[in-house]
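A.B. asks: One predicted model, sequence on top.
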Amino acid sequence: MSDASSTLPRTSSFDLRIRAQARRAYDFIRIAFESWSGAFGMMVLFLIVVVAVISPWIVPYDPIANHFDAAGQLKRLEPPSTTHWLGTTYYGLDVLSQMIDGTRIVLVVGITCAFFIAIIGTNVGLIAGYYGGRIDAALMRITGLAFGIPFIPFAVVLVALLGPSLWNMILTISLLMWRTTARVIRSQVLSLRERGFVKAAKIAGASDLRIIYVHIFPNVLPMTLLYVAFDIAWAVLAEASISFLGFGDPNQVSWGQMLYLAYVSGSIRQAWWWTIPPGLGLSLFVISVFLVGRQYEKLASPRLR
Amino acid sequence: MGFLSYAGRRAAHTAVTLILLLVFMFVLFRLIPGDPTTLLLGTGELTLEAQQRLRAQWGLDQSMLEQFVAYCRNLLSGELGLSFYYRRPVTEVIAPMLVNTLILMVPVVVFAIGAGIAIGTWLGWRRGERVEELGAVLVLIPRALPVFWTGIVFLSLFAYKLQWFPIGGIREAFFYPEAWYQFLPYYDVLRHLVLPIATGVLASMADPLMIMRTSLIEVRDEEFMVLARARGLTTRSLQRLARRSAFLPVLTYSAIMVGFAFGGQVLLEVVFTWPGMGRLMVNSVTQRDYPVAQAAFFLMAAVVVMLNLLVDLLYGWLDPRIRHE
Amino acid sequence: MYTSRGKDAVVDPDGYGEPSPELAASRRQVLAFLGAFGLTAPTASLIAAIDAGISRASAQAAAGQPVPRLSVYTPNWPDMVELWRQLSRDWAPLGIDLDVQQGTLDTFVSQIVAEQKLPHLGSMSWGGAPDRLDPDYFISEMFHSRRAIKGGLNFGLYKSETFDKAADAQRQAMDPAERQKLVRQAQELMVEDSPSLILYHRDIIHAYNKKRFKGVKPILGNGIGFPYMPLAYMDIEALIPRKVLRLTSIYDIASLNPFQTPEIYNSTTLRLIYATFVTRDEKAEVMPWALHSWNVVDKTTVDIVLRPNTKFHDGKPATVEDVKFTFDFILKHKFPAMGRITDAVESAEISGDNTVRLKLKQPSAPFVANVLGYAFLAPKHIWENTPANLATPADWPNDKPVGSGPWKLVEWRKGEYIQFAANKDFYMPPKLDGFIAAVVPQMESMVGMLERGDSDMLAWNLDMTLGARISQNPDLEVVRTPTHGQHEVRLNLTMPPCNNRAFRHALQHATDRKKILDIIFSGAGVVSRGAPITPALEAWTSPNIKGFEPSIDKAKAVLSSAGFTWNAQGKLVMPS
């Protein structure tokens, strides 16, 4: 790889590497399809991601535009029709467009939160588990603290402090939810620390950071990824919960926000076309994550196979 | 290391966590803009001069450090102070709400863990059978439903449509017993409890269940189980033996679960109009009622932290290896 | 066209206006603290966004330059969110862009009212509290320059000497005819200056079970179910054996001590137990309540005559001693909640058999309605014996309140309900035996309880569409009552271009109030002509205020005649 003189062999080795990567990716995805439930989950997730990505092109209407009928009357709480497949909301907004727009929030919240949670949780777990002693004690005190704080009331405090916006919500969720990941990773590291390869690396004079991130981290990676998957689900549920209580970002059309508006307008039982889609969407997404996660859980702890 | 010194160390750690928590809460609440007098100002019901007087009366004109010192001094003498909003001792404000919360959450946690252990054992024992595969998927469904949504669906179905249960609240403000069974003590409260408990149990059952199942699968193939099987124990006794050994992870989890139950119950309380701690916490934050908010948050946190300590100690007592970790 | 979304929403809504250094510093500390948890990237961007927000909002629009994006701060209620979606769309043709930020009501009040940090625009709604029936509230409290201080309701910083003069004059005019003229004049001045876009007066819509109860009394600003006007519950009669009405409300009270809380819902609920000296009838006219009569002797002297044979709930007779005691007690302890009494009353002396002479600190036209309508008769034998170890008698829990009003307290369960029994000794005995106000914080549950028959009255603002659905039930009746409360968009008159009167007039024209009212509240309400007092109060409504014709063309014409132009992108440009 050091010389760039001949292009042909490099292209072919590059090609080979791509193929190897592709095979690994294929193997990885195939695991999800090993059971019908995993396959179902994977399909739903795929669908939601696709919808979220192409949402700007497929929304029938602007999700916050009011719709009026031919006589100029607001189409308030109209049941599903050919022009509005999922009916309209209280202010005459198109439910289908809101549903489609909401997929973006699901992805943004899920992925961003899971990313932050994984970073905080994994690092806290790695450092606490590896160094032990005082550092461990201090970090575990903080983790204990995070476990002690009730989530939704804390979210309300942060909204009052920082204002209701999507990013503040992501911040709130990330700030509390890392606690579980940190604990799990720490206990993994505790046992890995005593294993031969770590001791060997120490004798070879590797630095602590190198041991943590080069030797130990790859071994906890499957567990981290598994928790990332579950955190995506939790984060989306958490966002929906905060929004449902009215502390969400009013400028975002999230599924939780839709349920909140339906609830405060007092029409949640009548306008089923407004209530059922976001509730079903949330449930389907979360259960799909669980189902797919379950498949990889088997990978992470082979006894479950 | 002896158990006592281990216990002492854990208790000290817990105390440090609690103190950290106290400081954290105190600072956090006072960073929120506005104080308990501002909301009244906004509606023009309080003149500015009167507001200044009120702030002085309530000690809000002092610096944060002075307030913190005063707060700690009160705390040491066992006083939680007066609620700004209710102008009553904080304990008087919290106590009834705490009782209401316990009435709802204790059954939820107990039933959820009970059902989790029972179904988890059953599923784990049937490892590899088709019914297990299906069951494991089925139990994930209620966990995936947002609690408030399940609650709303239950209410729509059982309260509005079938009218079996009341729409919300903890008791009827004006209850006239008509049939004989309605005279039974607690009939009214029990009637109000059914739907929120069902919703809560459904939502929180899955975690202990999955943990129990995993743990049981691991225990099933351990040597002592093989031995026990070789000794020809009945399936029932075998199951009991396995359950007893697999129970520990669920126990650990239950401490965490209490915390989640307290944190997540706000949604249950809102949907079912239940006057409990969750709503009190949310309201005390929006009303800037710091004494109540601090006490309530601290109480919730202390319960979780203490339960964790209890579980740790139990572990240390059962398994001496842990004490040296 | 969109209100701010996604990445724009990072800006801390609290960061507008003049940043108080300690607040900004404390914010930064929080963020640094959060950063310690490992979230350095988002927190750093947050800090940057806050600073950017501050500098952007305080950037002054220079002459000949495009008008900056206008910052808006509003409570995060769904109707307010929808309002700004409408206004963003309606005002876009003028070449104006809005940046809308929302906050919870508590944050809104602490930032906008207490800290005076209104960005360019802000929206708010004012309920129909009884003291707001007197024109003084919506004129002096909200627009007098005296109230353009931190904590004052003139948070748009409107300052006009001519208006101030008119506002002061109406406050001191004890002659009704003269006052009417002055009130109308003050409103004309205010509409001309347009420091605020008054939008509409949303109707109060309540519902009740007509198969079970009759005799409900719709009162302006109160509907049939709010406790603001005690007369509302007096004539309700049961058609079923249970003579106790069950109503649902979102609010709960916080205290049983009437000297403690100034909050409207709480204080009016307690005044069902403690009769105020005067109250308002269905036509919003002031009528005696605990009093037999009153007499304005001169500009600063009022004689009040106690109603004979008045008894407290514990059976002890109420005397003129109790009346004097009430005022002395309030003046002595200077209860913050009783500010308007301590501000108005100099002294109270017994001057006859049943008469107390009140000396006022200054002439005040709203005195009888707002001070005697807020002060209540307190029993001397109870309040002079409150425990001495309290910092103030306002902290006394007063768990068994004893008043002289039409209702006696039976039980208060915090967060659940408050129950009253009729005081049949009251001079106008209630026809019910009692009523229960249950606390139900969700509209969804309130509607369900009414429809199922668990409650008899829904005493919270319904929407007309929901009301139409409820009234399909043959047992239920929906009652729609006008109110003097209002919704408004306040402009910060120190921020260009909002300091330009033509710009404000253009916004008046660009705002289609009727359309917005139709969309947000199903048209249930009275569209404002720009004056803060509802046209339903005819006496105070000036016929000279014609309102602003909703027309974008008019708005554009107003702008161009004031020297505004538009650039190539169609954005509004300040006059040079």
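C.D. replies: Received, thanks. Every value quoted in this text rests on a predicted model; they were computed, and no experiment measured them.
A.B. asks: so where do the helices sit in the stretch 251-400 of chain C?
C.D. replies: C:264-270, C:320-333, C:339-344, C:380-383 (DSSP state H, counting those that start in this stretch).
A.B. asks: Out of the ones you listed, flag the one nearest chain B.
C.D. replies: Smallest distance to chain B across the helices of the stretch 251-400 of chain C (C-beta to the nearest C-beta): 3.9 Å, for helix C:339-344. C-beta here means a position set from N, CA and C on the backbone, and glycine is covered the same way.
A.B. asks: How far off centre is that closest one?
C.D. replies: Centre-to-centre, helix C:339-344 and its host chain are 19 Å apart (C-alpha atoms, centre = their mean, to the nearest Å).
A.B. asks: Likewise for stretch B:92-100?
C.D. replies: 14 Å.
A.B. asks: Any idea what the closest residue to C:Asp328 other than its chain neighbours is bridged to?
C.D. replies: With sequence-adjacent residues excluded and distances taken as C-beta to C-beta, 6 or more residues apart in numbering or on different chains, C:Asp328 is closest to C:Ala348, at 6.4 Å. On the basis of DSSP bridges, C:Ala348 is bridged to C:Leu358.
A.B. asks: Now do C:Ala348 against chain B, distance only.
C.D. replies: Using C-beta to the nearest C-beta, to the nearest Å, one obtains 20 Å as the distance from C:Ala348 to chain B.
A.B. asks: what are the phi and psi angles of the residue in the stretch 201-325 of chain B that chain C sits nearest to?
C.D. replies: The minimum distance from the stretch 201-325 of chain B to chain C, using C-beta to the nearest C-beta, falls at B:Pro275 (3.3 Å). Here the main-chain torsion angles of B:Pro275 (degrees, to the nearest 10) amount to phi -80, psi 90.
A.B. asks: Now for it: which residues touch it?
C.D. replies: With contact set as C-beta atoms under 8 Å, 6 or more residues apart in numbering or on different chains, B:Pro275 has these partners: B:96-97, B:100, B:169-170, B:269, C:414-416, C:439.
A.B. asks: mind redoing it with 10 Å?
C.D. replies: Going by C-beta atoms under 10 Å, 6 or more residues apart in numbering or on different chains, B:Pro275 touches B:96-97, B:100-101, B:168-171, B:269, C:252, C:413-417, C:439, C:441.
A.B. asks: hmm, back to that, just checking, the residue nearest to C:Asp328 touches C:Asp322?
C.D. replies: No - when contacts are counted by C-beta atoms under 10 Å, C:Ala348 is not listed as touching C:Asp322 (11.2 Å).
A.B. asks: tell me, what's touching those two both at once?
C.D. replies: Common neighbours of C:Ala348 and C:Asp322 (C-beta under 10 Å, 6+ apart) are C:Val356.
A.B. asks: still on that earlier bit, what's the burial count for the residue lying closest to the residue of the stretch 201-325 of chain B closest to chain C once chain neighbours are set aside?
C.D. replies: Spatially, and ignoring its direct neighbours in sequence, B:Pro275 is nearest to C:Gly415 (3.3 Å; C-beta to C-beta, 6+ apart). Other residues near C:Gly415 come to 21 when the count uses other C-beta atoms under 10 Å in any protein chain shown.
A.B. asks: Return the most buried member of the helices of the stretch 251-400 of chain C.
C.D. replies: Of all the helices of the stretch 251-400 of chain C, helix C:264-270 carries the top mean neighbour count, a mean of 23, counting by mean count of other C-beta atoms under 10 Å in any protein chain shown.
A.B. asks: For that helix, the averaged confidence score.
C.D. replies: Across helix C:264-270, the average pLDDT comes to 92.
A.B. asks: is any part of it close to chain B?
C.D. replies: Yes - counting by C-beta under 10 Å from any C-beta of the partner chain, contacts between helix C:264-270 and chain B involve C:264, C:266-267.
A.B. asks: The helix or strand hosting A:Arg186 close to chain C?
C.D. replies: Element membership for A:Arg186, per DSSP states H and E: helix A:166-193. Yes - against chain C, helix A:166-193 shows contacts by C-beta under 10 Å from any C-beta at A:166-168, A:170-172, A:174-176, A:178.
A.B. asks: Now pLDDT and neighbour count too, for these, in JSON lines please.
C.D. replies: Output for the residues of helix A:166-193 next to chain C, formatted as JSON lines (pLDDT from 0 to 100; neighbours: other C-beta atoms under 10 Å in any protein chain shown):
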{"residue": "A:Leu166", "pLDDT": "89", "neighbour count": "23"}
{"residue": "A:Trp167", "pLDDT": "89", "neighbour count": "21"}
{"residue": "A:Asn168", "pLDDT": "89", "neighbour count": "24"}
{"residue": "A:Ile170", "pLDDT": "92", "neighbour count": "23"}
{"residue": "A:Leu171", "pLDDT": "91", "neighbour count": "24"}
{"residue": "A:Thr172", "pLDDT": "90", "neighbour count": "26"}
{"residue": "A:Ser174", "pLDDT": "91", "neighbour count": "26"}
{"residue": "A:Leu175", "pLDDT": "89", "neighbour count": "21"}
{"residue": "A:Leu176", "pLDDT": "87", "neighbour count": "21"}
{"residue": "A:Trp178", "pLDDT": "91", "neighbour count": "28"}
